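>>> how would this look folded up:
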Amino acid sequence: MLIVTQVAPYADGPAGVHGVLDQAATGLRELATMHGLAPTVVTDVGDVSPDRLEAARVVALFTIGETPWSARQKAALHQSWQRGQLRILGVHSATDANHGWPEYGSMLGARFDGHPWTQDFAVDVVDGDHPATVHLGARWQWRDEVYLFAELRPDASVLLRLADDQVDLSVPGGRVPECGFPLAWIVQDGPARTFYSALGHFPGAWETPAYLQHLAGGLAWLTQSA
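Residues are numbered from 1 along each chain as shown. The predicted structure follows:
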């Protein structure tokens, strides 16, 4: 399992830093080992050959900005994902990356479109039978950035969403996107599979058993029949 935690500039300027990346990499390494995967943390995608990408069972992405994938790397990722050979686990800001790569948004399932709120909120569990959510009950209290999304795939199956009346829509940038407020979903397109969770901004997430079990369940689903 390749764990990509690269911060890269956006097309229009520098990307922000993300202080939780080292902690996230440690957590994802442990989850990979639990699932029988050999984890490698990648902080510079230039160190990974297209052949190695294509051969990976899972690529976990906690990326920001325009990750400098080469054309050959992009082709290897996308084609291997389409075949179901490689599965994608997207974490938090992974949707705020590679805005200039059209296929990336399709693989992740949606595009980041802002986060007007950082606060405590209630999460509705939309699908309580999925391995990523079965432990959560009907509603989950959480603290995080609340992401907005655009271009959510119509075939994405939403697992978690922001509960009603949790945020102040009058704040700058506050709005209800066309897709509502999904917080985690899966994509299954033939053999292709992606699990994405928008949660995980704060260090405390990576010390919370319920959150780690959420990701572990997503990883378990990804590796089924892989």
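
>>> all contacts plus neighbour counts: C-alpha atoms, from now on.
Fine.

>>> so residue 88 makes contact with residue 54?
No. Under the criterion of CA atoms under 8 Å, residue 88 is not in contact with residue 54, lying 11.9 Å apart.

>>> phi first, then psi, for the residue most central in space within the chain.
Central residue of the chain (CA atoms, centre = their mean): residue 90, 2.2 Å from the mean position. Backbone torsions of residue 90, given as degrees, to the nearest 10, read phi -100, psi 130.

>>> residues near the residue lying closest to it once chain neighbours are set aside, how many?
What sits nearest to residue 90 in space, not counting adjacent residues and going by CA to CA, 6 or more residues apart in numbering, is residue 196, at 4.4 Å. Counted by other CA atoms under 10 Å, the residues lying close to residue 196 total 27.

>>> so how far is residue 62 from residue 196?
10 Å (CA to CA, to the nearest Å).

>>> could you do residue 35 as well?
19 Å.

>>> I'd guessed the residue nearest to the centre of the chain sits against residue 200; true?
No. Counting by CA under 8 Å, residue 90 does not reach residue 200; the two are 10.8 Å apart.

>>> so what's residue 9 up against?
15, 64-67 (CA atoms under 8 Å, 6 or more residues apart in numbering).

>>> from the residues you listed, which shows the smallest pLDDT?
Ranked by pLDDT, the contacts of residue 9 bottom out at residue 15, which scores 87.

>>> for that one, which residues are in contact?
7-9, 64-65.

>>> can you give me the strands for the chain?
Residue ranges of the strands in the chain, as given by DSSP state E, are 2-4, 40-42, 58-61, 87-91, 111-112, 117-125, 139-146, 149-150, 157-162, 182-189, 192-197.

>>> any idea what the residue nearest to the centre of the chain is bridged to?
residue 61, residue 196 (DSSP bridges).

>>> switch the strands of the chain over to JSON lines; also include distance to residue 101 and mean pLDDT.
Shown next, in JSON lines, are these (distance: least, CA to CA, whole Å; pLDDT from 0 to 100):
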{"stretch": "strand 2-4", "distance to residue 101": "17", "mean pLDDT": "98"}
{"stretch": "strand 40-42", "distance to residue 101": "20", "mean pLDDT": "97"}
{"stretch": "strand 58-61", "distance to residue 101": "15", "mean pLDDT": "98"}
{"stretch": "strand 87-91", "distance to residue 101": "16", "mean pLDDT": "98"}
{"stretch": "strand 111-112", "distance to residue 101": "11", "mean pLDDT": "98"}
{"stretch": "strand 117-125", "distance to residue 101": "27", "mean pLDDT": "98"}
{"stretch": "strand 139-146", "distance to residue 101": "24", "mean pLDDT": "98"}
{"stretch": "strand 149-150", "distance to residue 101": "15", "mean pLDDT": "98"}
{"stretch": "strand 157-162", "distance to residue 101": "23", "mean pLDDT": "98"}
{"stretch": "strand 182-189", "distance to residue 101": "18", "mean pLDDT": "98"}
{"stretch": "strand 192-197", "distance to residue 101": "17", "mean pLDDT": "98"}
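
>>> possible to save those as JSON lines with distance to residue 74?
Formatted as JSON lines, the strands of the chain follow (distance: least, CA to CA, whole Å):
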{"stretch": "strand 2-4", "distance to residue 74": "14"}
{"stretch": "strand 40-42", "distance to residue 74": "16"}
{"stretch": "strand 58-61", "distance to residue 74": "13"}
{"stretch": "strand 87-91", "distance to residue 74": "13"}
{"stretch": "strand 111-112", "distance to residue 74": "17"}
{"stretch": "strand 117-125", "distance to residue 74": "32"}
{"stretch": "strand 139-146", "distance to residue 74": "29"}
{"stretch": "strand 149-150", "distance to residue 74": "22"}
{"stretch": "strand 157-162", "distance to residue 74": "25"}
{"stretch": "strand 182-189", "distance to residue 74": "18"}
{"stretch": "strand 192-197", "distance to residue 74": "16"}
